[in-house]
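> sequence first, predicted coordinates after that:
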Amino acid sequence: MRIATYNVNGVNGRLPVLLRWLETTKPDVVCLQELKAPQEKFPEKAIADAGYNAIWHGQKSWNGVAILARGMELKEVRRSLPGDDEDLHSRYIEAIINGMLVGCLYLPNGNPAPGPKLEYKLRWFERFAAHAAELLAYDVPVILAGDYNVMPTELDVYKPERWVDDALFRPEVRAAFKNIVDQGWTDAIRKLHPDETIYTFWDYFRNAYGRNAGLRIDHFLLSPHIDARLLAAGVDKDVRGWEKSSDHAPTWIEIADPEE
DNA sequence: ATGACATTCTACGAATGA
């Protein structure tokens, strides 16, 4: 089974790219971020025609997350991250699919830093850490996939020294990510490719994709049950080179069927 | 230090992103 995460950067503006990618790679489960569309403007019919059931939590102009499942039922568990009823950003949605708990997240960017946006990011991280710990305690198969807006290590950024003061790479942000991993989660890409330069984002400026000046910020964190079933992980890098592409590339894992 | 690019909207520039 293939599970993918993709920050689409506008689900309607990028719909042709999204549909082409779904048709080409046929992932079984897809976590989408940055829909940039209100709830009623999600392209439900086009997604259904492509063979996918979907749940989503939209928001006007910004944010927005969705989970798609190819020929499988989605049972929605929640559509916001617990811990702050005042937080109205659509950044988290969670469903049970085929016996797995799948959390789809769009972690705040945090720039400019320091400032209130970084503080919001760090608070969001604390809430996410608390929720992740609760999920681990359930002792069930869990996948937390999405745009974490963090490069975990220097291997994950084309020019680390340029990014040390940025909200995606500041020490406290990297520490917040590591704190969650250390609960007992597996960073799927890094487990299977420990020394390889792998990016999931290239910005639109200065031919970043052509120069491979990228960042690894889209991640899969796996609970032990899913970690034991991990077969492969990678990035559909060529999609970033398509016309009208998002600035992110789809990132995916393959997992084995559970043992009976 | 800035801006390069691309998205969205009771738009025609501003806010946001990473």
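Received, thanks.
> give me the buried positions along the longest helix anywhere in chain A.
Counting residues, the longest helix found in chain A (DSSP state H) is helix A:116-137. Along helix A:116-137, these residues count as buried under the neighbour rule (16 or more other C-beta atoms under 10 Å): A:118, A:120-122, A:124-125, A:128-129, A:131-132, A:135-136. (C-beta placed from N, C-alpha, C; glycine too.)
> now for the closest residue to DNA strand B within the stretch 51-200 of chain A, how many residues are close by?
Proximity of the stretch 51-200 of chain A to DNA strand B (C-beta to the nearest atom of the strand) peaks at A:Asn109, 3.4 Å away. By other C-beta atoms under 10 Å, the residues close to A:Asn109 number 17.
> helix or strand: which one has A:Pro194?
Following DSSP states H and E, one finds A:Pro194 outside all helices and strands.
> look up how far A:Thr186 lies from it.
12 Å (C-beta to C-beta, to the nearest Å).
> for the two, indicate the residue with more neighbours.
A:Thr186 (18 against 9).
> next one: phi and psi at the more buried one?
Dihedral pair for A:Thr186: phi -110, psi 130, per degrees, to the nearest 10.
> list the residues that contact it.
A:221-222, A:224, A:226-227, A:230 (C-beta atoms under 8 Å, 6 or more residues apart in numbering).
> go on, A:Ile255?
A:1, A:3, A:226, A:229-231.
> that one and A:Ser223, how far apart?
11 Å.
> for A:Val65, same thing?
20 Å.
> just A:Ile3 next, same as before
Per C-beta to C-beta, A:Ile3 is found 13 Å from A:Ser223.
> what do these two both touch?
Shared contacts of A:Ile3 and A:Ser223, counting by C-beta under 8 Å, 6+ apart, come down to A:Ile143.
> show me the helices in the stretch 51-200 of chain A, by range?
A:116-137, A:171-181, A:188-192 (DSSP state H, counting those that start in this stretch).
> which secondary structure elements does the helix or strand immediately after the shortest one in the chain contact?
With elements assigned by DSSP H and E, the helix or strand that comes after helix A:188-192 is strand A:201-202. Using 3 or more C-beta pairs under 8 Å, 6 or more residues apart in numbering; DSSP states H and E, the elements in contact with strand A:201-202 are strand A:214-215.
> which residues does the strand it packs on contact?
With C-beta under 8 Å, 6+ apart as the criterion, strand A:214-215 contacts A:151, A:156-158, A:168, A:199-202, A:208.
> and stretch A:248-257, which residues are buried?
A:248-255.
> return the member of those nearest to DNA strand B.
A:His248 (7.2 Å).
> check contacts around that closest one.
A:6-9, A:147, A:200-201, A:217-218, A:240.
> could you rerun that using 6 Å?
Contacts here follow C-beta atoms under 6 Å, 6 or more residues apart in numbering; on that basis A:His248 touches A:7, A:200-201.
> quick one: pLDDT of it?
Note on A:His248: pLDDT of 97.
> so which residues on the stretch 151-260 of chain A come close to DNA strand B?
Residues of the stretch 151-260 of chain A found near DNA strand B (C-beta under 7 Å from any atom of the strand) are A:168, A:201, A:203-206, A:215, A:217, A:244, A:247.
> between those, which sits nearest A:Lys45?
Nearest to A:Lys45 among those, counting by C-beta to C-beta, is A:Lys244 at 20.4 Å.
> what helix or strand is that closest one on?
Counting by DSSP H and E, no helix or strand carries A:Lys244.
> what number of residues lie near it?
Neighbour tally, A:Lys244, other C-beta under 10 Å: 10.
> what of A:Thr24?
Neighbours of A:Thr24 (other C-beta under 10 Å): 12.
> check the secondary structure at it for me.
Taking DSSP: H, G, I helix; E, B strand; the rest coil as the rule, one finds A:Thr24 in the helix state.
> check it and give its pLDDT.
With respect to pLDDT, A:Thr24 scores 97.
> can you check A:Leu101 too?
98.
> isn't it up against A:Ile143?
No. In this structure, A:Leu101 is not within contact of A:Ile143 by C-beta atoms under 6 Å, at 7.4 Å.
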